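> can you look at this prediction? I've put the sequence above it.
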Amino acid sequence: MAPKTATADEVGFPELLDFVRPRHRMILTTFRADGALQSSPVTGGVDALGRAVIASYPQRAKSVNIRRTGRASVVVLSDEFN
């Protein structure tokens, strides 16, 4: 079997959601008060309205950071990622 390689293909939002829906392992990056990055492994998915959702507790650093800055980034990992 030929190895899979990353591409830089442009995809639309519906295709992006199709990629995310079956994958639930993610790395969430938020920003601490001093501007440093805070990365955390999380579980997540897509809700019925097409929004990315992340499972967490409200007192966790990632939740506090998002409420403070309103910014985050997420990497969605496929099961094939090793």
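Now that the structure is in, tell me what you want to look at.

> from here on, contacts and neighbour counts on C-alpha atoms
OK.

> restricting to C-alpha, output the helix or strand hosting Val42 in CSV.
Following DSSP states H and E, one finds Val42 within strand 37-46. The C-alpha trace of strand 37-46 is given here as CSV (Å, rounded to 0.1, in the frame of the first residue of the first chain):
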residue,chain,number,x,y,z
LEU,A,37,0.5,28.7,24.5
GLN,A,38,-1.5,26.1,26.5
SER,A,39,-2.0,22.9,24.5
SER,A,40,-4.2,20.1,25.8
PRO,A,41,-5.4,16.7,24.4
VAL,A,42,-9.2,16.8,24.3
THR,A,43,-12.2,15.0,22.9
GLY,A,44,-14.7,16.8,20.7
GLY,A,45,-16.9,16.7,17.7
VAL,A,46,-19.5,18.6,15.7
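
> that strand: what's the following helix or strand?
Strand 37-46 is succeeded, C-terminally, by strand 52-54 (DSSP H and E).

> what are the pairing partners of that next one, and which direction each?
The strands beside strand 52-54 in its sheet (DSSP bridges) come out as strand 37-46 (antiparallel).

> what are the buried residues along the strand it pairs with?
Using 16 or more other Cα atoms under 10 Å as the test for burial, strand 37-46 gives Ser39, Val42, Thr43, Gly44, Gly45, Val46.

> contact partners of that strand?
The contact list for strand 37-46, computed with Cα atoms under 8 Å, 6 or more residues apart in numbering, reads 17, 20-32, 52-56, 62.

> no more questions from me, cheers.
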